[in-house]
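Trainee: My questions concern the predicted model and sequence given below.
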Amino acid sequence: MAFFGSKPKPESAPAIHSLLGKEVLFKGEVHTNTRSFRVEGVVEGTIHSTGEVSIAPGGLVKGTIFAKHLIVTGRAEGIMKITDCLEIHGTGYVEGDVEVGSLVVDEGGTLQGVCVRRGRIGADAANVVAKGGTLPGTRQLDLDPKKVDAESSYRNSGPGSDFTPR
């Protein structure tokens, strides 16, 4: 039986379990387990999380981030190993060596460096080469035209790729 005027409850925003506030500088290692962590200040060091890490506008992380999900509306510089999704929103800037499960970059967001999709570093995913070198654990591409397979050259770009713009 339906009640008049009843509306489904909207989903609430995920809770922020830990917060590094504005104008706070933290140097060292942060371990958050599955709890979410929001950076509004500056972290110089390493963040280990099996949950979500978000870098707010004005926030900065310089170092290494290991996380399940990373949302950047501020700035991240260094090495990022993200098991699920890296989201770079319009004001977000990511610079460094990045390994992701999937990648979402909003209009205005920036990714500067090397990005490799997890699970594609082996067999059919060509080794990634970018300006400045290769990501550790990869080897240089053989660019001999006789050996390059046109299909695999375009497999990871354009429509149908996992790197989806919003």
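Mentor: Yes, it's here.
Trainee: the strands in the chain, which residues?
Mentor: For the chain, strands defined by DSSP state E occupy the ranges 18-20, 25-33, 37-39, 42-49, 52-55, 60-72, 75-88, 93-100, 102-105, 110-117, 129-130, 133-134, 163-165.
Trainee: For the second one, list every residue counted as buried.
Mentor: Judged by neighbour count (16 or more other C-beta atoms under 10 Å), strand 25-33 contains these buried residues: 30, 32. Just so you know, the C-beta spots here come from the backbone N, C-alpha and C atoms, and that holds for glycine as well.
Trainee: Show residues contacting it.
Mentor: Under the criterion C-beta atoms under 8 Å, 6 or more residues apart in numbering, residues 17-18, 20, 37, 41-51, 53 lie in contact with strand 25-33.
Trainee: Out of the residues you listed, who's the most crowded?
Mentor: Across those, the neighbour count under other C-beta atoms under 10 Å reaches its highest value at Val53, namely 27 neighbours.
Trainee: Relative to Glu107, how far out is that one?
Mentor: Separation of Val53 from Glu107 (C-beta to C-beta, to the nearest Å) stands at 22 Å.
Trainee: what's the answer for Glu40, then?
Mentor: Glu40 sits 23 Å away from Glu107, taking C-beta to C-beta as the criterion.
Trainee: Who has more neighbours out of those two?
Mentor: For Glu40 and Glu107, the more surrounded residue by other C-beta under 10 Å is Glu40, and the numbers stand at 18 against 8.
Trainee: Check the more buried one and give its pLDDT.
Mentor: Among the per-residue scores, Glu40 shows a pLDDT of 95.
Trainee: so what's it up against?
Mentor: For Glu40, the residues meeting the contact criterion (C-beta under 8 Å, 6+ apart) are 19-22, 24, 56, 58-59, 74.
Trainee: where does the chain dip in pLDDT?
Mentor: In the predicted model, the chain carries pLDDT under 70 at residues 1-16, 120-166.
Trainee: Recalculate using a threshold of 90.
Mentor: Low-confidence segments of the chain, defined by pLDDT under 90, span residues 1-19, 33-35, 118-166.
Trainee: I'd say Gly113 and Glu99 touch.
Mentor: No. In terms of C-beta atoms under 8 Å, Gly113 does not count as a neighbour of Glu99; the distance is 11.1 Å.
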